[in-house]
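Chemist: have a look at this fold, sequence not included:
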């Protein structure tokens, strides 16, 4: 298996609402190949896809019931600590719920979390130990 | 917000077991900065991280209870249809559960799903409409 995740697909309850949140609220570039059935965002590295939750479960041939913590988070690393606060504000303005306001972490970083319309968790984080590469991906050794 | 997901963190129930699955079973390159508390894999573009589930919920300041479908999937696109079967076999040998065996999809692709030790779903997929770039990421327009 090559070391790459090509797509992360979020199973959403209202595709139109989620597309509006990510496209119009967070200004992520949407792929032209998106439709009323599925949306792709041209995020660097791993693409973000949105697909109706029931359809996603059916595609994977698993039961669609589920509740509570989804046991995963997405991170958006930024180059400067003050950008954490800015992006959390941007997300809140777009309809996100702030689940943890920006604060200094025990390990020296600065971070906070927002939840998208379905409750998917995004950490916005400045990590002084791991600089960003020019393309915005994280440099970790 | 820049269009980039820097890290996908999976909240796992047994970090050692999950590290062994991804590092020894699927041969993903592990970052030197990994420890007994957190693991990073050097997947291209977006990094894969493993962190204990309860710690992840605590970091995000959310309740850790949850069950059933996590409402997301990770995809690993491959360049040739026969690689889908090969990688599903590799994953099964590493301890994954095959939740959907490789089959031709209605949209012309070839794909199957496996579940990692915590049940996180990976789709292994050949998409004839979206060629892979040289670095293994997916070319979508």
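Modeler: Good, I have the coordinates. Worth saying up front: this structure is predicted, and the values here are computed from it rather than measured.

Chemist: which ones are touching the closest residue to chain B within chain A?
Modeler: Residue of chain A nearest chain B, by CB to the nearest CB: residue A:45 (1.9 Å). Quick note: C-beta positions are derived from backbone N, CA and C, even for glycine. Residues counted as contacts of residue A:45 (CB atoms under 8 Å, 6 or more residues apart in numbering or on different chains) are A:5, A:137, B:4-6, B:44-46, B:137.

Chemist: okay, now the domains of chain A?
Modeler: A:7-60, A:74-126 (automatic domain parsing).

Chemist: what are the buried residues along stretch A:5-24?
Modeler: By neighbour count on 16 or more other CB atoms under 10 Å in any protein chain shown, the buried set for stretch A:5-24 is A:5-12, A:15, A:18-19, A:21-23.

Chemist: can you give me the helices in chain A?
Modeler: A:15-19, A:53-60, A:81-93 (DSSP state H).

Chemist: among those helices, which is nearest residue B:125?
Modeler: Set against residue B:125 and scored by CB to CB, those come closest in helix A:53-60, at 10.3 Å.

Chemist: can you tell me what sits against that closest one?
Modeler: With CB under 8 Å, 6+ apart as the test, helix A:53-60 has contacts from A:9, A:11-13, A:37, A:51, A:63-64, A:118, B:69, B:71-73, B:99-100, B:113, B:121, B:123.

Chemist: so how far is it from its chain's centroid?
Modeler: Averaging C-alpha coordinates over helix A:53-60 and over its chain gives two centres that are 19 Å apart (CA atoms, centre = their mean, to the nearest Å).

Chemist: how about stretch A:16-28?
Modeler: Here stretch A:16-28 is found 11 Å from its chain centre; the criterion is CA atoms, centre = their mean.

Chemist: can you tell me the average pLDDT over that stretch?
Modeler: For stretch A:16-28, the mean per-residue pLDDT is 98.
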